[in-house]
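In: how would this look folded up:
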Amino acid sequence: MPAPTTGILDAFNRADALLAAPDYAGPHDGNAAKDTWTVLSNQAGGNRVGAATEYTSATYGPDCEGYATIAVKQGTGSYFGIFLRLQSPGSAAVDGYSLYYTTKAGTDSFEIYRMDNNAETQIGAAVTLEVTVNDVFFAEAVGSNLSIYLNGTLVITRSDATYAGAGNIGLYMDDATGRIDDFGGGTIGATKPRRRTLLGVGV
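Out: Predicted coordinates:
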């Protein structure tokens, strides 16, 4: 599926503040040190040196998607990713899938991982492609297929049937410089709402 079928969940057009309840539920593995995803000048990112994660309070799927616009690329060697089908989120026993791109000194790379009790195992090889500002990173899980698209073009797809049920979606960033905008996602094929923020403020 080359383009989102669901609407924007959060355009981040509000005062600077941590992403928080009721719409966000905290770091995907319950590690309080990672709870630093923050709205910054109408964009959002992990406001720390090191991994920052956040997941949505709502569950979606099992066929689900998540996407965001890359507003500022993270530093070399750092990741941005979207979690799909998170099971037992908010605990050290979290399972699901992580779909990433990594900023490289050369060409950037895309990787897909399965997460078992918060330990990640890469599924297949990475694929290289350069990411630029304003690109749309789009991740989806359909049946056993896990895929990443960039601006509607398929970059990588891998297969894994370990976690086939509905779950939460989430965000990952592991430096303090990367920023995203217009985070969206949900159950594939759900009615696409008006563009809005999670807090219900129309934009």
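In: any idea which element the residue of the chain most remote from its centre lies in?
Out: Each residue of the chain has a distance to the centre, and by Cα atoms, centre = their mean the biggest one is for residue 106: 23.1 Å. Assessed by DSSP states H and E, residue 106 sits outside every helix and strand.
In: if you drop the residues flanking it in sequence, what lies closest to it?
Out: Nearest residue to residue 106, sequence neighbours excluded (Cβ to Cβ, 6 or more residues apart in numbering): residue 128, at 7.9 Å. Backbone N, C-alpha and C define where each C-beta goes, glycine included.
In: what is that neighbour paired to in the beta sheet?
Out: With DSSP bridges as the criterion, residue 128 is bridged to residue 109.
In: mind checking pLDDT for the most centrally placed residue in the chain?
Out: For the chain, the residue nearest the mean C-alpha position is residue 82 (2.0 Å; Cα atoms, centre = their mean). Looking at residue 82, its pLDDT reads 98.
In: that one and residue 180 touch, don't they?
Out: No: counting by Cβ atoms under 8 Å, residue 180 is not a contact partner of residue 82; they are 9.7 Å apart.
In: name the surrounding residues that touch stretch 22-41.
Out: 9-10, 12, 14-19, 44-48, 50-58, 83, 86, 89-92, 94, 118, 168, 170-173, 179, 198-199 (Cβ atoms under 8 Å, 6 or more residues apart in numbering).
In: show me which of those are buried.
Out: 9-10, 12, 19, 44-48, 51-56, 58, 83, 86, 89-90, 94, 118, 168, 170-173, 179, 198 (16 or more other Cβ atoms under 10 Å).
In: how deep is the nearest residue to residue 141 once chain neighbours are set aside tucked in, by neighbour count?
Out: Counting by Cβ to Cβ, 6+ apart, residue 84 is the residue found nearest to residue 141 once chain neighbours are left out, at 4.6 Å. If you count neighbours by other Cβ atoms under 10 Å, residue 84 ends up with 27.
In: residue 84 sits in which helix or strand?
Out: Counting by DSSP H and E, residue 84 is part of strand 79-87.
In: and the residue farthest from the centre of the chain, how far from residue 130?
Out: 9 Å (Cβ to Cβ, to the nearest Å).
In: quick one on the thing from earlier: next, the residue farthest from the centre of the chain: phi, psi?
Out: Main-chain torsions, residue 106, degrees, to the nearest 10: phi -100, psi -130.
In: ditto for residue 32
Out: phi -60, psi -30.
In: ok, it to residue 90 distance?
Out: Residue 32 is 11 Å from residue 90, by Cβ to Cβ.
In: ditto for residue 165
Out: 17 Å.
In: one more: residue 82?
Out: 17 Å.
In: specify the local secondary structure of the residue lying closest to residue 186 once chain neighbours are set aside.
Out: Spatial nearest neighbour of residue 186, excluding adjacent residues (Cβ to Cβ, 6+ apart): residue 6 at 3.9 Å. Under DSSP: H, G, I helix; E, B strand; the rest coil, the three-state class of residue 6 is coil.
In: low-confidence regions, the chain specifically.
Out: 1-2, 191-203 (pLDDT under 70).
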